[in-house]
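Novice: Quick check, what structure comes out for this input:
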Amino acid sequence: MSPASAAAKVIAPSNETAAAAEIVEKFLVASMVPDPETAALYVAAPLKLTFTGGRKFTHPRESTAFNAKRYKWVKKKMERSDVAPGDGETIVYNTGTLYGEWPDGTPFEGNRYVDRFVVVDGKIVQMDVWNDSAERILTRNGIDA
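Specialist: This next block holds a predicted model:
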C-alpha cells in the first residue's frame, strides 16, 4: 500500500457543518425550557439518545421526564460547540456546565457536561450525554470514592 492510499479522507467544514451546530443549539435551547415537542422538531425518529448511566431514550420527552426526577430544574451554560464534518454526517460536541437545583432545592452550578450529536440531513439522529451529576450526588451523600 502506498502512503497516498493510506491517507485519511479530509472533509472540510462547510455550510452543512455550520447548520448542524445551529440545529444542535436550537435543540438544546428547547430542551432547557423544557419543551420536548419543540426539541423533537430537530430530531429524526427514532432518536438514539443515550443519557448518563447508559439510559436509552428515543424521544426528547423521555429525557425531559428523566431530568424531572433528577433535578428540580436544570439549565446549561453552553460554552462551545466543536464540529467535525464527516462523510454523510456531522458530529457536534457541545460542552459547558449545568446549573440548577437538586430535588431538595439545593442549588448547584459548575457541573461539567459533554453532549455528542450526530446530525444527518439536517436532523439529529443520535445524542450521547455525559455529566458530573453522579459524582456530585456521591459527594453530597458523603461518599468520597
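
Novice: Wait, Thr52 touches Asp132, no?
Specialist: No - using CB atoms under 8 Å, Thr52 is not in contact with Asp132; the gap is 9.2 Å. C-betas here are computed from N, CA, C, even on glycine.

Novice: so where's this structure uncertain?
Specialist: 1-6, 10-13 (pLDDT under 70).

Novice: mind checking which helix or strand the spatially most central residue of it is in?
Specialist: Nearest residue to the geometric centre of the chain (CA atoms, centre = their mean): Asp115, 2.8 Å. In the assignment (DSSP states H and E), Asp115 maps to strand 107-120.

Novice: Can you list the strands that that strand pairs with?
Specialist: strand 90-101 (antiparallel), strand 123-131 (antiparallel) (DSSP bridges).

Novice: ok and the helix or strand where Ser81 lies relative to strand 90-101, angle-wise?
Specialist: Using DSSP H and E, the element containing Ser81 is strand 73-85. Strand 73-85 runs at 160 degrees relative to strand 90-101, counting by axes from the mean of the first three to the mean of the last three CA atoms, to 10 degrees.

Novice: and strand 73-85, what does it pack onto?
Specialist: Counting by 3 or more CB pairs under 8 Å, 6 or more residues apart in numbering; DSSP states H and E, the packing neighbours recorded for strand 73-85 are helix 15-32, strand 90-101.

Novice: I'd like to know how many residues surround Tyr71.
Specialist: Neighbour count for Tyr71, taken as other CB atoms under 10 Å: 17.

Novice: so it sits right up against Trp102, yeah?
Specialist: Yes - the pair Tyr71 / Trp102 is scored as a contact, 6.5 Å apart, by CB under 8 Å.

Novice: just to revisit the earlier point, each with direction, which strands does the strand holding Ser81 pair with?
Specialist: Going by DSSP bridges, the partners of strand 73-85 are strand 90-101 (antiparallel).
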